[in-house]
Every structure is written in structure tokens, then in C-alpha cells.
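S.K.: this one's sequence-less:
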């Protein structure tokens, strides 16, 4: 009898330990990686206003200005979720079997023209003296000019290509250089560059200094700038937490975008805390556009960007584009929208 009780006790302990392991496996902790830039503002709003916490998620935030570092950490399983700009490196990684997928949009352009001035991601800036003298009037006049982007194989290369196409040019028609955004602004000021792509904050700065101006105030409607990426192994092991994170993110995007939330004092305070940007500039930059009704990635533009890298980027390893289903999983966003209150 005593032996039977011991065996029953051992069985009960085994079942208890087993159930505990199941609970631990579905962790509520999300290791989030982000770059301190305005397009990622919804992540900081979600953290500071408690939208993630209310959804039952414990955020462990890693901030770095180095996007490639976040990507490698996500692929390696050291981060669960990241906000990132997409480029040739992302498509190459997916093609090689990396456990990453796009699950939601972040920064981008409105689907309709005239909603904002200039692109949300980066604007083509031309030196003021070239514009005043008439040396540059349209994109076609940039032929042979020295221009810069921050890196090859990333969103800014795609944007520069689209800008030049307005004037019937390609990247081979200009003297293209790569350097960090602050150096582009400085080189425009010193006249070492004729033009360059700058993010919203530096766009405002060089315009205020009368160093450079936007060549035009339009933008590519519906351009998908930044996105939310999940480590798919983590999401498969923690589906409830993955859904909870997305629920918090949806609330944050709606807070930031609806009713001109981007300009609200409380949100400006949060954004400047995490992004380290003067409040005056933060108030002037473009709102980062997301489809807050559906939280869907712009499929057509995403595939267009991928096609560009396949056809033109020196860093692309793809011979043909990947299927949309191979790079995007909309199930988490769909679940968040369907269950939003």
C-alpha cells in the first residue's frame, strides 16, 4: 500500500511538472527590437501607454540604430519581434530558410495622393543653389549629378530609383555614393553632394538651414516602408503571446494615427523620449501611414520592391521573386483586427 501511494505521488508530481513546463513554454515575454526613428513610434506608444501590458505582454526592449544587427538577432532567435525596413537582405534571408516573416505594416505612405507632403521614409533633397540657378528643375536634370543614399540594397535605394524614374533616369545615370544620413546632410551643406535622400527629421533641418529643398512634394502612394517581423519559430511556440502582441500594436497604431494622434502632446512626449528628437521637429515631420482599419501590408508595393531588388540590386541573391505567402503571414494582424474592441 505504501509503495502504491509513493507511485501515485510520483505520478502526480510528474503531471504537475509537465503542466508547469507547458505554462513556461507559452511565455508572455516578448523580446522586441527597434530602431529609434519616427516610423517605429507605435511601438513606443504601445510600451509607454500600456497597450502591450494590457494585452498581457511583457516587453523587453532593445533599441539600436543598426537595422542589420536587429535582423541577425531575430534570425538567431535572440529577439522575437523587430520593427525594420525591408530590403534585399530580408528577401535573401527568407530564400535561405531563415525563420522570419512580415506580420504587419509600420511606416509607409498613404494610398491616396495629397494626404501629406513628401514621403514618410525619405525625401529627395536637392541643393538650394542648384534649384535657384535653374541648374536643376526636374529629375531629368540630375543626370551626371553626385547624389547619395545611406546604403545599397535597402529601401532608400528603391526610393532613389523611383525618384529618378520620374525623369527617365536610372541609378547608373548619377554618381551614386553611400554614407550615413547625417553625413549626407553635411555634404549637401558643404556642396560635396548635389542631392541626397534624407529622413523626415533631417529633411526639416536642411530646409530650415536653406541648404536644400525637396525637388517635389509628391510621393509614391501606398509605398510600404517599414514592417513588423516575427521570428516564426517563436510565434509557433508562443501563438497566444504573438496574438497578444499584435493586439497591443493595433491599439498603438490607432492611437498614433487616428484623430491626428501624431500631433497630440502626450504622444509627442513619448516619441521624443525614445527617439531623442526636438519636439518642434517631431511636430513637423510626416505622419507614418498604416492602414489602421485592416492592418494589412500593401501587397502590390511589397512585391514591386522585391522585384526591383531581384532585377537591379547588386546585393540580391534571388533569381526570381518569392511568393507573397513566403514572406508575409497576415494571420496575427487579422486576429487582432477581428478581436479589437
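M.R.: That came in fine, so what should we check first? The shown structure was predicted, so the numbers you read here are calculated from the model rather than taken from an experiment. Residues are numbered from 1 along each chain as shown.

S.K.: contacting residues around the closest residue to residue 44 other than its chain neighbours?
M.R.: Nearest residue to residue 44 in three dimensions, chain neighbours excluded: residue 274, at 4.2 Å (CB to CB, 6 or more residues apart in numbering). In short, each C-beta sits where N, CA and C put it, glycine included. Counting by CB atoms under 8 Å, 6 or more residues apart in numbering, residue 274 makes contact with 36, 44, 48, 63.

S.K.: C-terminal to the one helix or strand residue 274 maps to, what's the next element?
M.R.: According to DSSP states H and E, residue 274 maps onto helix 265-275. Per DSSP H and E, the first helix or strand lying C-terminal to helix 265-275 is helix 279-284.

S.K.: what's in contact with whatever helix or strand comes next after that following helix?
M.R.: Tracing the chain past helix 279-284, the next element assigned as helix or strand by DSSP H and E is helix 299-312. If you take CB under 8 Å, 6+ apart as the criterion, helix 299-312 is touched by 86-88, 91, 102, 153, 155, 158, 161, 171, 220, 222-224, 315-316, 318-322, 324, 327-328.

S.K.: Filter the residues you listed down to the buried ones, ChimeraX style.
M.R.: Those of those that count as buried under 16 or more other CB atoms under 10 Å are selected in ChimeraX with:
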select :86,87,88,91,102,153,155,158,161,171,220,222,223,224,316,318,321,322,327,328
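
S.K.: Go through the contacts of helix 299-312 and flag which are in helices.
M.R.: 88, 91, 155, 158, 161, 324, 327 (DSSP state H).

S.K.: could you measure the last one against residue 204, distance?
M.R.: Read it as residue 327. Noted for residue 327: a distance of 33 Å to residue 204, by CB to CB, to the nearest Å.

S.K.: Could you single out the nearest of the ones in helices among the contacts of helix 299-312 to residue 134?
M.R.: Nearest to residue 134 out of the ones in helices among the contacts of helix 299-312 is residue 161 (CB to CB; 25.3 Å).

S.K.: Can you give me every residue that contacts the closest residue to that closest one other than its chain neighbours?
M.R.: Distances taken as CB to CB, 6+ apart put residue 171 closest to residue 161, at 5.9 Å, once the chain neighbours are dropped. Shown in contact with residue 171 (CB under 8 Å, 6+ apart): 157, 160, 161, 164, 312.

S.K.: now swap in residue 231 and tell me
M.R.: 74, 75, 77, 79, 80, 81, 99, 100 are the contacts of residue 231 under CB under 8 Å, 6+ apart.

S.K.: Show me the beta-bridge partners of the closest residue in space to the third one that isn't next to it in sequence.
M.R.: Looking back up the chat, that one is residue 77. Distances taken as CB to CB, 6+ apart place residue 231 nearest to residue 77, at 6.1 Å, with adjacent residues excluded. Following DSSP bridges, residue 231 is listed with bridge partners residue 100.

S.K.: Could you identify the least confident member of the ones in helices among the contacts of helix 299-312?
M.R.: Note: of the ones in helices among the contacts of helix 299-312, the lowest pLDDT belongs to residue 155, at 93.

S.K.: would you list the contacts of residue 231 in CSV and tack on distance to residue 55 and pLDDT?
M.R.: Output for these, formatted as CSV (distance: CB to CB, whole Å; pLDDT from 0 to 100):
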residue, distance to residue 55, pLDDT
74, 21, 97
75, 26, 97
77, 23, 97
79, 19, 98
80, 15, 98
81, 13, 98
99, 23, 98
100, 22, 98
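
S.K.: Relative to residue 336, which of the residues you listed is nearest.
M.R.: Of the contacts of residue 231, the one sitting nearest to residue 336 (CB to CB) turns out to be residue 81, at 13.4 Å.

S.K.: Let me know how buried that closest one is, in neighbour terms.
M.R.: 28 (other CB atoms under 10 Å).

S.K.: Settle this for me: it is touching residue 33, isn't it.
M.R.: Yes - the criterion here is CB atoms under 8 Å, and residue 81 meets it with residue 33 at 7.2 Å.

S.K.: what do the two both touch?
M.R.: Common neighbours of residue 81 and residue 33 (CB under 8 Å, 6+ apart) are residue 74.
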